[in-house]
Structure formats: C-alpha cells, structure tokens
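>>> Pasted the sequence and its predicted model underneath.
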Amino acid sequence: MTTASSSTPAAIFNLPLFTEIQELYNNDQEGKILTDHFARIKKIIEQYRWPGISLVGKEGSQMMWVLVQHCDNDLEFQTLCLKLLRIAVANNDASKENLAFLTDRVHLQHGHRQIFGTQFYHQNNNSHPFPIEDEANLDQRRRDMGLMPFSEYVAGFKQLFPLEKSTVN
C-alpha cells in the first residue's frame, strides 16, 4: 500500500523521519512489531507530537496512524495520540478519516459506544458493528469526517467478511 516512491520528496519536510516511520510500518504490516518498535513510536510522538502532513507527507502521517491504531495494548498512549491527531486535523495537517477511526477505537477501549461506526467485531463467522452512539445522526457525522454513508461502508465490509442480515438495516 505504501512506498517511499509514492510521496514526492518535496512533500516531505523530514525525510529521515518519514523513512523511519515507513520502516516501522513495513515491519508492522509483516507482523514483525517488537517491543522496541512501540518504544520508538512513543518517542516519535514525544518528540514531534503528531507527525502530520507538513512534516512527513500524507503517506507518512497515514502510516503513523496505522502504527498508533495497532498500539491497543497502551490505551493511555492511544488517548494521547487521539488528542494530538485531533489538533493536527484542526490545523489541516492530518486526515479527518484517520481521526474518525482512531476516535472509535479509543472510545470502544474506554467502554463507550463508537461515534463513526468504523469498528466491527467477528463472532460465529459473522461481522457486527460495535454499538454506535446516536445512530440516527451517524451518516451526518460520517459525512463531516469525509467517510462514506454507513450502508455503503457495511456493503464494502460484507465483501471482506460475512455479516448477518439482522445486523444491518
């Protein structure tokens, strides 16, 4: 999905940081994330806050989001990253879509309902959306974040994983 050649060097302010994030991302995608990788991800956030588009390009920021999404073992860290990502999005320096996904992931880990309907669980060979807050206004919230309508998202999801018909209206 992500390669250094797909981002133009002119769009990346900090190429060494981009390269490091890319290496961490590639290891993550290969299932080779080690404890020291988590430590390095945390150091990057500590040093740079959210590495946004202006620092590492759209692709670098996207890869960092994937890495943070996979830090489920540290809810405090993910919660901090959510705050930093929210600031980056407000400054047009990160993806609203990424913010929606991380928001839902963190909300669920805190025991709350998801806001944007991005997260599903698998049970008995079927996929189900986790509980969603204020479902009547879900599509408006999704639209505000640049996400497709929930029914379209579910239809796409069904192509990857089977869904019980009773789960979706």
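The structure has been received and is ready for your questions. It should be emphasised that the depicted structure is a prediction, and the values quoted were computed from it without experimental measurement.

>>> buried sites along the least confident helix or strand in the chain by mean pLDDT?
Every helix and strand of the chain was ranked by mean pLDDT, DSSP states H and E. The lowest is strand 126-129, at a mean of 82. Neighbour counts using 16 or more other CB atoms under 10 Å place Ser127, His128, Pro129 of strand 126-129 among the buried residues. All C-beta atoms are positioned from the backbone trio N, CA, C, and that covers glycine.

>>> list the contacts for Glu135?
Contacts for Glu135 were tallied using CB atoms under 8 Å, 6 or more residues apart in numbering; there are none.

>>> how much space between it and Asp144?
Distance from Glu135 to Asp144, counting by CB to CB, to the nearest Å: 15 Å.

>>> Also Phe150?
Computed as CB to CB, the Phe150 to Asp144 distance reads 13 Å.

>>> more neighbours, those two?
More neighbours surround Phe150 than the other of Phe150 and Asp144, with 21 against 12 (other CB atoms under 10 Å).

>>> Could you grab the helix/strand/coil label for the nearest residue to the more buried one once chain neighbours are set aside?
Nearest in space to Phe150, with sequence neighbours left out and distances taken as CB to CB, 6 or more residues apart in numbering, is Gly117 at 5.0 Å. Here Gly117 is recorded as coil under DSSP: H, G, I helix; E, B strand; the rest coil.

>>> domain assignment for this protein?
1-112, 113-169 (automatic domain parsing).

>>> Give me the mean pLDDT for the longest one.
This means domain 1-112. Computed over domain 1-112, the mean pLDDT rounds to 90.

>>> Do a quick rundown of the strands in the chain.
Secondary structure of the chain by DSSP state E: the strands cover 120-123, 126-129.

>>> now those in JSON lines, with distance to Pro51?
Listed next are the strands of the chain as JSON lines, based on distance: least, CB to CB, whole Å:
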{"stretch": "strand 120-123", "distance to Pro51": "28"}
{"stretch": "strand 126-129", "distance to Pro51": "30"}
